[in-house]
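Peer 1: A predicted structure for the sequence below; I have some questions about it.
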Amino acid sequence: QWVYNILEKKAEADRIIHEDPDPCTGFVLLPDFKWNQSQLDDLYLIALVRRRDLRSLRDLTAEHLPLLTNILTQGQEAICRRFGVRGCQLRAYLHYQPSYYHLHVHFTALGYEAAGSGVERAHLLPDVIDNL
């Protein structure tokens with residue numbers, strides 16, 4: 001319900017950094033609670049997809065490539081505009097198993113070793129796109 005409240009702007013609307021309203025390829029980008037937003041070394045944002053039928057990495061097929069490329073492209077552009085951090089300085093990834101079952105993408109500063117960002121659990125978004 002927390003995710004749906006964000007997507008419907010019933011909660012945390014003031015924290016949204018970027019949003020794409022498209023029902024198929026859209027998402028909302030907002031800072032993760034783990035990030036204090038004051039230093040860029042531990043930058044951490046989450047992109048929540050608008051679609052409610054995608055729960056995890058395992059639900060993704062080639063049909064979802066436009067969604068994933070949109071998240072990667074627009075997410076990187078929005079972070080660069082807002083925080084001055086370029087796409088080559090970011091890590092975009094999905095967890096499997098996720099901490100909650102609504103598809104979401106993590107964006108972190110490349111040098112930041114966030115919990116769960118290691119290869120045993122994190123799957124880089126560009127790799128997921130290439131594999132699909």
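Peer 2: Perfect, thanks for sending it. Numbers count the residues shown, from 1 in each chain.

Peer 1: could you use CA atoms for every contact and neighbour count after this?
Peer 2: OK.

Peer 1: any idea of the pLDDT on Asp53?
Peer 2: In this model, Asp53 is scored at 97, pLDDT.

Peer 1: give me the neighbour count for it.
Peer 2: 11 (other C-alpha atoms under 10 Å).

Peer 1: for it, give me its contacts.
Peer 2: If you count contacts by C-alpha atoms under 8 Å, 6 or more residues apart in numbering, Asp53 has none.

Peer 1: and it, helix, strand or coil?
Peer 2: Following DSSP: H, G, I helix; E, B strand; the rest coil, we place Asp53 in the coil state.

Peer 1: and it, how far is that from Tyr101?
Peer 2: Using C-alpha to C-alpha, to the nearest Å, Asp53 is found at 10 Å from Tyr101.

Peer 1: give me phi/psi at Val49?
Peer 2: Torsion angles at Val49 (phi, psi; degrees, to the nearest 10) stand at phi -70, psi 150.
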